[in-house]
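J.: how would this look folded up:
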Amino acid sequence: MKLLHSFAFGIFTSICASSVLAKEPIDIIKPALITEPEKVELGKMLFFEPRLSKSGFISCHSCHNLSMGGVDALPTSIGHNWQEGPINSPTVLNAVYGLAQFWDGRAKDLKEQAGGPIENPKEMSFSHTMAVSTISSIPNYKTKFKNIYPDGQVNIDNITDAIAAFEKTLVTPHSPFDQYLLGDMSAITTDAITGYKLFKTKGCISCHNGAAVGGTLYMKMGLIKPFNTKNPAVGRIAVTGNPADKHVFKVPTLRNIELTAPYFHDGATWSLEEAVNTMADIQLGQSLSKQENKEIVAFLKSLTGELPKIVLPILPPSNANTPRPVPFSN
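T.: Numbering: from 1, shown residues only. Modelled structure (predicted):
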């Protein structure tokens, strides 16, 4: 009888937890389900591959460091020939949940995004043609593409497809907040629980929701009050040409936010506490008390999940015919 009671109580608790989860505007992050491991492994190699850049020194990982929350911890990234980029690098972690890629949403998905930096003169400063020529001149890569893709070709379509396949695995499950959503009431602190309630009642949740706690819509930066910045980025207007889209950006994910300073598209804010106050002020027209700020920050820190465990690939050596990189040339 006691065993039966315990079993019934367990089912009841599970149902309650599921019911609570179903009502919440934030979903849990699920572990990556890898169905094409060979393609993912190839994508990982290419993600760390500096020979996709003109200099032979810059890779995807240069701006999206997986040991640093998927960012480079710089206000704006440094690209080819030490050029400073125009905008802060968003994290690659959980990027698969975004409605589009880049701050202005100019890439529809991770595959399209992967091709952009390669030929951007301020980033990797190569061309797709030269990138393909370089990769296809390396026998080990050539063999992998032949074994993985039906057409067996090394081309920019397959290169970006492989990178995207790897990036789709870069999710961060099992955060304390996810455990809380699943019914473990002790997984986060009292401050974090109160902070989550404030996050909802103050209105933050209207933009930051879903599994990534953001990334699902565009919003004007400076909705209630102007956002003062020297950053030249103009937002969605650069994509749509619509004047109403000036200073409209993709809402960033708040997952692992404590790891991804500096904040905002201009990368000018290094303190999470300051970032929270700024958002409350210019987006919601509200002023937070020190205690409220502390509680919301505690909630945001509970969103830090398990970072992907990456075993660095051994990049295949170039053969004698591979173009030699020219470090930081014009």
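J.: who's in contact with stretch 197-207?
T.: With contact meaning CB atoms under 8 Å, 6 or more residues apart in numbering, stretch 197-207 is reached by 25-26, 208, 214, 217, 219, 251, 279-280, 283-284, 286, 288, 292, 295-296, 299. For the C-beta atoms, the positions are set from N, CA and C on the backbone; glycine is no exception.
J.: typo on my end, stretch 159-170
T.: By CB under 8 Å, 6+ apart, the residues outside stretch 159-170 that reach it are 32, 34, 36, 39-44, 46-47, 52, 60, 66, 70, 92-96, 109-115, 131-132, 135, 148-149, 308.
J.: ok, 7 Å please
T.: Stretch 159-170 has contacts (CB atoms under 7 Å, 6 or more residues apart in numbering) with 32, 34, 36, 39-40, 42-44, 46-47, 60, 70, 92-93, 95-96, 110-111, 114-115, 131-132, 135, 308.
J.: quick check on these: which are buried?
T.: Neighbour counting over these (16 or more other CB atoms under 10 Å) leaves 39-40, 42-44, 46-47, 60, 70, 92-93, 95-96, 110-111, 114-115, 131-132, 135, 308 as the buried ones.
J.: break down the chain into its strands, ranges please.
T.: Along the chain, counting by DSSP state E, strands occupy 218-220, 248-250.
J.: tell me which of those strands is the most buried.
T.: Mean neighbours per residue, mean count of other CB atoms under 10 Å, is largest over the strands of the chain for strand 248-250, with a mean of 23.
J.: isn't residue 104 right up against residue 239?
T.: Yes: using CB atoms under 7 Å, residue 104 is in contact with residue 239, at 5.2 Å.
J.: so for those two, which residue has more residues nearby?
T.: Neighbours per residue (other CB atoms under 10 Å) separate residue 104 from residue 239, with residue 104 holding more: 22 against 17.
J.: distance of the more buried one relative to residue 247?
T.: For residue 104, the distance to residue 247 (CB to CB, to the nearest Å) stands at 11 Å.
J.: common neighbours of these two, please.
T.: residue 235.
J.: still on that earlier bit, now for the strands of the chain, which one comes closest to residue 304?
T.: Closest to residue 304 of those, according to CB to CB: strand 248-250, at 21.1 Å.
J.: what separates that closest one from the chain centre, distance-wise?
T.: 15 Å (CA atoms, centre = their mean, to the nearest Å).
J.: same thing with stretch 258-272?
T.: Taking CA atoms, centre = their mean, one finds stretch 258-272 lying 14 Å from the centre of the chain it belongs to.
J.: for that stretch, buried residues please.
T.: Buried positions in stretch 258-272, judged by neighbour count with 16+ other CB under 10 Å: 259-269, 272.
J.: and if you look at stretch 95-114?
T.: Of the residues in stretch 95-114, 95-98, 100-107, 109-111, 113-114 count as buried by neighbour count, 16+ other CB under 10 Å.
J.: just the C-alpha atoms of it, please, in CSV.
T.: Only the C-alpha atoms of stretch 95-114 are listed here, as CSV (Å, rounded to 0.1, in the frame of the first residue of the first chain):
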residue,chain,number,x,y,z
ALA,A,95,20.9,30.3,-32.3
VAL,A,96,18.9,27.5,-33.9
TYR,A,97,15.8,28.8,-32.1
GLY,A,98,16.0,32.2,-33.8
LEU,A,99,13.4,33.2,-36.4
ALA,A,100,16.3,34.5,-38.5
GLN,A,101,20.1,35.2,-38.1
PHE,A,102,22.1,38.4,-37.5
TRP,A,103,20.8,41.3,-35.5
ASP,A,104,18.9,42.6,-38.5
GLY,A,105,17.6,39.2,-39.6
ARG,A,106,19.1,39.3,-43.1
ALA,A,107,19.8,35.6,-43.1
LYS,A,108,16.8,33.3,-43.0
ASP,A,109,18.6,30.4,-41.2
LEU,A,110,21.9,29.1,-39.9
LYS,A,111,23.0,27.8,-43.3
GLU,A,112,22.5,31.2,-45.0
GLN,A,113,24.2,32.9,-42.1
ALA,A,114,27.3,30.7,-42.3
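J.: pLDDT of it, averaged?
T.: In this model, stretch 95-114 has a mean pLDDT of 98.
J.: which residues touch that stretch?
T.: Contacts of stretch 95-114 (CB under 7 Å, 6+ apart): 87, 90, 116, 160-161, 163-164, 167-168, 171, 210-212, 215-218, 233, 235-236, 238-239, 249-250, 265.
J.: one more time with 8 Å
T.: 60, 70, 87-88, 90, 116, 159-161, 163-164, 167-168, 170-171, 210-212, 215-218, 233, 235-236, 238-239, 249-250, 253, 265.
J.: for these, which PyMOL command selects only the ones that are buried?
T.: Buried residues among the contacts of stretch 95-114 (16+ other CB under 10 Å), as a PyMOL selection:
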select buried, resi 60+70+87+88+90+159+160+161+163+164+167+168+170+171+210+211+212+215+216+218+233+235+236+239+249+250+253+265
